[in-house]
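[1] the sequence and its predicted three-dimensional model are supplied below.
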Amino acid sequence: MDGAGAGWSSERVIDACAARGYGGIVFWRREIGSRAVEIGNRVRAAGMQVAGLCRTPYLVGRDAPRDEADLCASIDMAADLGAQVLTIVTGGTEPGTKGVIETQKRLAERLAVAAPLAAAAGVSLALEPLNPMFGGNRTCIFTVADALAAADAAHAPNVGIAVDVYHVWWDRTLAQSLAAERGRVLGYHLCDWLENTRHMLLDRGMMGDGVADLRAIRRAVEDGAGYAGLCEVEVFSAEDWWKRDPAEVLDVIVDRFRRYC
Ligand code: ZN
């Protein structure tokens, strides 16, 4: 995020990850600028893959753009990077409506526009359900079941879902939902849910420091849903991990991944 995080160049991140044996990197658009092709090639030259790109603009809600320009820009960037998956955070409840049902219908219409544009660029779209506390302004899908229903409503083979521990750890129906539709998970995001979360966006825990059942969730994602891709560590942590030396954080991630995931 602007003004926070490692402060390293993309090149330095790539070299540090490659040196530790990471399999890939997911970028945010603001890190890439106009250098998508160059950065994608650099990742692959280092022996890794660009596992994905975060993210499209909102598709629905008050903050969704009114035309397709930014959506197309995000798809083009993913293609230029060689990222096969572009993540979608849907955006919140549509202006003039209440609840989420009307917005979910609008989302299906928007996905019917986005999916063929992405398919033409060889990119898949991953709908990421968010913890219900992000309802209102950021999302209209809250569970894996919601995300799968939205993906199904798009009737497009290149639309799937992303599963993020932070958003789904509390869901008792998670394993059942994931097992119901194999082959639809396009990304798996790791962190932990701290027992006393202080900030809903920027206080994620490192794996092992919280109360999420990380092994059970991974079993559901890999054995249940058939996901065979990379595990992506995503720890927004303004007051802890973002203040540490990034090299130390990368080392801790390797250790925690081996011990707790
Ligand atoms: Zn995520």
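    Received, thanks.
[2] against the ion, how distant is the closest residue to Ala18 other than its chain neighbours?
    Once flanking residues are discounted, Ala18 sits nearest to Ala46: 3.8 Å by C-beta to C-beta, 6 or more residues apart in numbering. Just so you know, the C-beta spots here come from the backbone N, C-alpha and C atoms, and that holds for glycine as well. Noted for Ala46: a distance of 23 Å to the ion, by C-beta to the ion, to the nearest Å.
[3] which residues touch Ala46?
    Ala46 makes contacts with Ile14, Asp15, Cys17, Ala18, as judged by C-beta atoms under 8 Å, 6 or more residues apart in numbering.
[4] name the nearest of these relative to Phe236.
    Cys17 (18.1 Å; C-beta to C-beta).
[5] quick one, grab the pLDDT at the closest residue in space to that closest one that isn't next to it in sequence.
    Once flanking residues are discounted, Cys17 sits nearest to Ile25: 5.8 Å by C-beta to C-beta, 6+ apart. For Ile25, the model assigns a pLDDT of 97.
[6] helix or strand for Ile25, which one?
    strand 24-28 (DSSP states H and E).
[7] who does that strand pair up with?
    Using DSSP bridges, strand 24-28 pairs in its sheet with strand 49-54 (parallel).
[8] what's the weakest-modelled helix or strand in this protein?
    Least confident element among the helices and strands of the chain, by mean pLDDT, DSSP states H and E: helix 29-32 (a mean of 91).
[9] what packs against it?
    Helix 29-32 sits against strand 49-54, helix 69-81, with contacts defined as 3 or more C-beta pairs under 8 Å, 6 or more residues apart in numbering; DSSP states H and E.
[10] can you list the buried residues in that helix?
    Buried residues in helix 29-32, counted by 16 or more other C-beta atoms under 10 Å: Arg29, Glu31, Ile32.
[11] closest to Ala126 out of these?
    For the buried residues of helix 29-32, the nearest to Ala126 is Arg29 (14.8 Å; C-beta to C-beta).
[12] ok, the closest one - contacts?
    Residues in contact with Arg29, defined by C-beta under 8 Å, 6+ apart, are Leu53, Cys54, Arg55, Ser74, Met77.
[13] check contacts around the third one.
    So the one you mean is Arg55. Listed by C-beta under 8 Å, 6+ apart, the contact partners of Arg55 are Trp28, Arg29, Ser74, Leu86, Thr87, Ile88, Val89, Glu128.
[14] ditto for the first one
    When the contact criterion is C-beta under 8 Å, 6+ apart, the partners of Leu53 are 26-29, 32, 74, 77-78, 81, 83, 85-87.
[15] next, the nearest residue to Met200 once chain neighbours are set aside: secondary structure please.
    Once flanking residues are discounted, Met200 sits nearest to Met133: 5.4 Å by C-beta to C-beta, 6+ apart. State at Met133, reduced to three classes by DSSP: H, G, I helix; E, B strand; the rest coil: helix.
[16] can you pull out the helices in the stretch 51-200 of the chain?
    69-81, 101-120, 144-153, 165-168, 174-180 (DSSP state H, counting those that start in this stretch).
[17] and of the ones you listed, who's closest to the ion?
    Nearest to the ion among the helices of the stretch 51-200 of the chain is helix 165-168 (6.7 Å), distances taken as C-beta to the ion.
[18] what helices or strands is that closest one leaning on?
    Under the contact criterion of 3+ C-beta pairs under 8 Å, 6+ apart, helix 165-168 touches strand 185-190, helix 214-219.
[19] could you rerun that using 10 Å?
    helix 144-153, helix 174-180, strand 185-190, helix 214-219 (3 or more C-beta pairs under 10 Å, 6 or more residues apart in numbering; DSSP states H and E).
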